[in-house]
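# Based on what follows, work out the 3D shape:
(2 chains)
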Amino acid sequence: MAGKILLVDDAAFMRMMLKKIIAPTGHELLEAVDGSDGIVKYKEHKPNLVFCDIVMPNVDGIECLKQIMALDSNAKVVMCSSIGQQTVVNDAIKIGARDFIVKPFDAAKVLEAVSKNM
Amino acid sequence: MDDMDEYKEMFAVESAEHLQSMNDALLSLEKDPANSETINVMFRAAHTLKGMSATMGYTNIKELTHNMENLMDRVRKNEIKLDSSAIDVLFECLDTLEKMVETPEKSSEIDIASLIGKLSRNDYVSVPLKDEQTVQTNASINPREKSETGCNIYEITVTLHESCMLKSARSTVVMRNLSEIGEIIETVPPIKDLEDEKFDREFKIIVSTIEDAKKLEDASKKVSEISKVEVKSHTGSKSREKIEEKTCVTEGSKTSIKSVQSVRVSIERLDSLMNLVGELIINKIRLIQLASVHKLDDLEETLASLNRLTNDLQEEIMASRMVPIEQIFNRFPRMVRDLAKNQEKDIDLILEGGDIELDRTVLDEIGDPLVHILRNCIDHGIESPGVRKQNGKNEKGTIKLTARREKNHVVIEAVDDGKGMDPQKMRETAVKKGLMTQEEAAKLSDIEAINLSFMAGFSTAEKVTEISGRGVGMDVVRTKIGGMGGSIKLESVLGKGTMMRLKLPLTVAIIHSLMVKVGSDIYAIPITNVIRDLSIKKEEIKTIKGEEVVLIRGDVLPLVRLHTLFDIKGNGSEELLVVVVERAGSNVGLVVDQVVGQQEVIIKNLDNNILKGVKGFAGATILGDGNVALILDVGTLL
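Predicted coordinates:
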């Protein structure tokens, strides 16, 4: 069953990476350029899954996650973290993030996150 | 640096940290063997070190830490008690580990079989098992037992995928998923350890739920990066108690967002940065001089900001070189414990001011002198408990080691409440050793007599112990401290104790100095040594037994003419400038021609050139005009 996936990351390069990895699954891919854009796009499209970067300008990933969770307590958000961000990721999960993936992205793990959470 | 070297360096640094925390833990376990938090610290450190050494392929380190971990695990589970024999064995293990970690490549050459034998001994005092055993048998008979609350209790063992990177966060996801269908009662390792990533790939979660095992398995397997999930029914008295408390583990364990951002930089790199800044400052001073000579007013503003920038840069680099003194203080409790035990003395070591920061180089330099000073306190200062009791003292001796910041330097004091030094005995020894004649000795004041201990070839120990009789005396200590631009002061009251005070510059690379002129040469005197400067009339000088002195407010101040010392022709003026410096507890006046002013000077070591071994100089510095000035070392000069 194809669904909608929203990619929130200020780095176009990272969104591209994710797109290339996820595209073959056939899900529809949407992009947001930062946290505040992510919240707007979430309201607009109600995606089935969100990949959300943590460090972003304007509204960061944690705030974006909080707002999305406030909009929809069943939202499925996967945090995109770096190796050193364990504490932040732990907090994100307590806030309600379903899952996380670690940069640099491993295609298999990204796909695992997609299949387990869609 | 290639990857492997980087790993090795990381290993060296981190394992040293773990060894230190094990050392601290053991010392406190010796006093409080049942402290479960300390036991856990010990357990975790051994466990982490095991993991690290396994990664690096250092099998012997891994084996030893593995066995230590096992022993600590038995302690943790209350199977055995940590008695003094067990602590001794663990200390022995630490010593061996230290050796192995120092040169891990050679760790396989060290025989650890006997240590492992001792660690896995079965005759440690065991703690009687309570009814836990019976509960466990019940469990095996009746695996699907319902708990009092009507829930099933399951133990879920989750193994993370090998490539899982944020293991702690992954475990949080698993717990979150499980908490949605049940209540988490307990985790192994404890939740704090899970959060700190203090576990391998495997962890256990004990859940109370009305759902069945399949549901739990599915919920766990839904998480990414999991390689195996095992669900089995669980019973244990500990968990039962917890169910009644209805503890929900995920609550109250929220950690605040904190990000510590730091980079490791090698000390060599900091040294070379410091050197470059030194050169920069020399050039800056040169530039300022040029501007004033050629009256280049336009340059002034630029120079002012250059001045500020170089000062900021210097301060930043100095700050990055600072390390807490703790790093050397830390090894003293163990040393004092061992020495005291050896000599059957009872000694309490009190450390204060471990957070005071010193330049890395200074820290490296004072380690040995401090060891020597502490050993003196133990060997010659603190009496045996019997003697102390006889003299009406507390049987337990005290050595207090404190560090504190005083303006531009750090003061370290070692105070013991031992027997103190006997000036008369000092005089006798000096004569007996042929260091001076009977008459000379008799002339010494008590303070001077006590300071004889700084003389080369002097040691009052009638019975030289293996530790303090290693050929390095207090004279070496003084030379070392003086060489850094520091000073040392000794005070002792017979029967009451001894105090040794070290005054150290914050950094050795750059020292604040008083610049003086003798003849046509400029010399730098470290400001830590300088008490004051004054000018005197020629006729005020008196001669006592052939030595020139001057009376300052009733105190006799011996004078030393640097002209005579350096063989420079004096100018024969009626007014003399005197810089009063502190040396071995007493003051000496150095006669100079001119006091140029205070200045930060950059020390260039004399180690590698012709002046090596010449006493009286701590180094040289390059002045702004390109000239070289020697830095006086007051301690060895006179």
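# what number of residues lie near the residue of chain A found nearest chain B?
Nearest residue of chain A to chain B: A:Val89, at 3.9 Å (CB to the nearest CB). Every C-beta, even on glycine, is put in place using the N, C-alpha and C of the backbone. A:Val89: 26 surrounding residues under other CB atoms under 10 Å in any protein chain shown.
# So which other helices or strands are in contact with the helix or strand hosting it?
Taking DSSP states H and E as the definition, A:Val89 sits inside helix A:86-95. Here helix A:86-95 is seen to pack against helix A:61-71, strand A:77-81, strand A:99-102, helix B:167-179 when contacts are counted using 3 or more CB pairs under 8 Å, 6 or more residues apart in numbering or on different chains; DSSP states H and E.
# Let's see that with 7 Å instead.
Helices and strands touching helix A:86-95, by 3 or more CB pairs under 7 Å, 6 or more residues apart in numbering or on different chains; DSSP states H and E, are helix A:61-71, strand A:77-81, helix B:167-179.
# my guess is the residue of chain A closest to chain B contacts B:Met165, does it?
No - judged on CB atoms under 7 Å, A:Val89 makes no contact with B:Met165 at a distance of 10.2 Å.
# Show the contacting residues for the one residue in chain B that gets nearest to chain A.
Chain A sits closest to B:Ala169 of chain B, with a gap of 3.9 Å, by CB to the nearest CB. With contact set as CB atoms under 7 Å, 6 or more residues apart in numbering or on different chains, B:Ala169 has these partners: A:86, A:89-90, A:93, A:100.
# Save those residues as TSV, and put in pLDDT too.
Formatted as TSV, the contacts of B:Ala169 follow (pLDDT from 0 to 100):
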residue	pLDDT
A:Gln86	80
A:Val89	88
A:Asn90	87
A:Ile93	90
A:Phe100	91
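# For these, which entry has the maximal number of neighbours?
Within these, most neighbours by other CB under 10 Å means A:Phe100, with 30 neighbours.
# separation between the residue lying closest to it once chain neighbours are set aside and B:Arg337?
In space, and not counting its chain neighbours, A:Phe100 is closest to A:Met79: 4.1 Å by CB to CB, 6 or more residues apart in numbering or on different chains. As for A:Met79, its distance to B:Arg337 is 48 Å (criterion: CB to CB, to the nearest Å).
# now swap in B:Asp32 and tell me
Per CB to CB, B:Asp32 is found 15 Å from B:Arg337.
# any idea which residue sits dead centre in chain A?
A:Phe51 (1.3 Å; CA atoms, centre = their mean).
# and that one, what helix or strand is that in?
In this assignment (DSSP H and E), A:Phe51 forms part of strand A:49-53.
# so what does that strand touch, helix or strand wise?
With contacts taken as 3+ CB pairs under 7 Å, 6+ apart, strand A:49-53 sits against strand A:4-8, helix A:61-71, strand A:77-81.
# Show me how far the strand or helix carrying B:Val581 is from its chain's centre.
Assigned by DSSP H and E, B:Val581 belongs to strand B:575-583. Relative to its parent chain, strand B:575-583 has a centroid offset of 36 Å by CA atoms, centre = their mean, to the nearest Å.
# So what touches it?
With contacts defined as CB under 7 Å, 6+ apart, strand B:575-583 is touched by B:487, B:514, B:516, B:525, B:529-538, B:557, B:559, B:587-595, B:634-635, B:638.
# send the alpha carbons of it over as CSV?
Taking Å, rounded to 0.1, in the frame of the first residue of the first chain, the C-alpha atoms of strand B:575-583 are listed here in CSV:
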residue,chain,number,x,y,z
GLU,B,575,72.6,54.5,45.8
LEU,B,576,72.0,50.8,45.4
LEU,B,577,68.9,49.2,44.0
VAL,B,578,67.9,46.0,45.8
VAL,B,579,65.4,43.4,44.7
VAL,B,580,64.3,41.3,47.6
VAL,B,581,63.6,37.7,46.7
GLU,B,582,62.5,34.7,48.7
ARG,B,583,64.7,31.7,48.9
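# what angle separates the following helix or strand past it from strand B:575-583?
Using DSSP H and E, the helix or strand that follows strand B:575-583 towards the C-terminus is strand B:586-592. Using axes from the mean of the first three to the mean of the last three CA atoms, to 10 degrees, the direction of strand B:586-592 lies 140 degrees away from that of strand B:575-583.
# List the strands paired with strand B:586-592, with their directions.
Here strand B:586-592 has these sheet partners by DSSP bridges: strand B:555-561 (parallel), strand B:575-583 (antiparallel).
# now the shortest one: mean pLDDT?
Here the mean pLDDT over strand B:555-561 is 85, rounded to a whole number.
# Can you list the buried residues in it?
B:557, B:559-561 (16 or more other CB atoms under 10 Å in any protein chain shown).
# contacts for that strand?
With CB under 7 Å, 6+ apart as the test, strand B:555-561 has contacts from B:541, B:547-550, B:570, B:578, B:580, B:587-591, B:638.
# Closest to A:Pro57 out of those residues?
B:Val580 (61.5 Å; CB to CB).
# Specify the beta-bridge partners of that closest one.
For B:Val580, the beta-bridge partners under DSSP bridges are B:Arg532, B:Gly589.
# How about the helix or strand bottoming out on mean pLDDT in chain A and chain B, touching?
Lowest by mean pLDDT, DSSP states H and E among the helices and strands of chain A is helix A:12-22, with a mean of 82. No - using CB under 7 Å from any CB of the partner chain, we find that helix A:12-22 stays clear of chain B, coming within 13.9 Å at best.
# Tell me the first helix or strand C-terminal of that helix.
Past helix A:12-22, the next helix or strand by DSSP H and E is strand A:28-32.
# Pull out the buried residues from the very next helix or strand once past that next one.
Counting by DSSP H and E, the next helix or strand C-terminal to strand A:28-32 is helix A:35-45. Using 16+ other CB under 10 Å as the test for burial, helix A:35-45 gives A:35-39, A:41-42.
# swap in stretch B:99-108?
Of the residues in stretch B:99-108, B:100-101, B:104, B:107 count as buried by neighbour count, 16+ other CB under 10 Å.
# again with stretch B:178-193
By 16+ other CB under 10 Å, the buried positions in stretch B:178-193 come out as B:178-179, B:182-187, B:189, B:191, B:193.
# farthest-separated two in the residues you listed?
For the buried residues of stretch B:178-193, the farthest-apart pair by CB to CB is B:Gly182 and B:Asp193; their separation is 21.3 Å.
# and the gap between the closest residue to B:Asn571 other than its chain neighbours and B:Asp95?
Nearest residue to B:Asn571 in three dimensions, chain neighbours excluded: B:Asp593, at 6.3 Å (CB to CB, 6+ apart). When CB to CB is the yardstick, B:Asp593 and B:Asp95 sit 57 Å from each other.
# For the two, indicate the residue with more neighbours.
Higher neighbour count among B:Asp593 and B:Asp95: B:Asp593, with 19 against 14, using other CB under 10 Å.
# Return the residues in contact with the more buried one.
By CB under 7 Å, 6+ apart, B:Asp593 lies in contact with B:517-519, B:571, B:577.
# any chance of the buried residues of stretch B:99-108 in JSON lines, with pLDDT too?
Shown next, in JSON lines, are those (pLDDT from 0 to 100):
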{"residue": "B:Met100", "pLDDT": "89"}
{"residue": "B:Val101", "pLDDT": "87"}
{"residue": "B:Pro104", "pLDDT": "84"}
{"residue": "B:Ser107", "pLDDT": "83"}
